[in-house]
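Asks: pasting the structure only:
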């Protein structure tokens with residue numbers, strides 16, 4: 001049990017550190033954009049963006065990110081030869097036959 005935890009700790013630290021860097025870059029850039037032009041469209045948009053992100057439950061945010069990053073960016077079902085191993089391959093059924 002402890003070896004499994006010991007193997008997972010570096011991966012967890014790396015993922016949390018990367019998320020913290022992205023979070024800081026996004027937060028500082030949105031804050032600077034909003035502070036440079038107070039009461040402008042950028043300021044109001046940044047306020048709505050930040051308040052939505054803070055008040056949204058994590059399971060809803062996760063579903064929205066899954067939808068945007070997986071379905072809208074079309075990582076799933078890509079048919080090019082370079083991306084052959086990328087994505088989820090489901091067997092053809094009546095429900096997913098049109099999407100894969």
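Replies: Great, that's in hand. Bear in mind the structure is a predicted one, so any value in this text is a computation, not a measurement.
Asks: so how many other residues sit close to the residue nearest to residue 53 when sequence neighbours are not counted?
Replies: Once flanking residues are discounted, residue 53 sits nearest to residue 61: 7.4 Å by Cβ to Cβ, 6 or more residues apart in numbering. Yep, even glycine has a C-beta here, placed from its N, CA and C like the rest. Here the number of neighbours of residue 61 (other Cβ atoms under 10 Å) works out to 12.
Asks: and if you look at the one 10 residues further on?
Replies: Taking other Cβ under 10 Å as the criterion, the count of residues near residue 71 is 12.
Asks: Would you mind measuring from the spatially most central residue of the chain to residue 73?
Replies: Geometric centre of the chain, nearest residue: residue 65, 4.7 Å, by Cα atoms, centre = their mean. Separation of residue 65 from residue 73 (Cβ to Cβ, to the nearest Å): 11 Å.
Asks: What of residue 46?
Replies: Distance, residue 46 to residue 73, using Cβ to Cβ: 24 Å.
Asks: Tell me which of the two has more neighbours.
Replies: residue 46 (19 against 9).
Asks: That one and residue 31, how far apart?
Replies: Taking Cβ to Cβ, one finds residue 46 at 8 Å from residue 31.
Asks: go on, residue 24?
Replies: According to Cβ to Cβ, residue 24 stands 10 Å off from residue 31.
Asks: ok, now residue 52?
Replies: In this structure, residue 52 and residue 31 are 16 Å apart, going by Cβ to Cβ.
Asks: repeat for residue 7
Replies: Distance from residue 7 to residue 31, counting by Cβ to Cβ: 38 Å.
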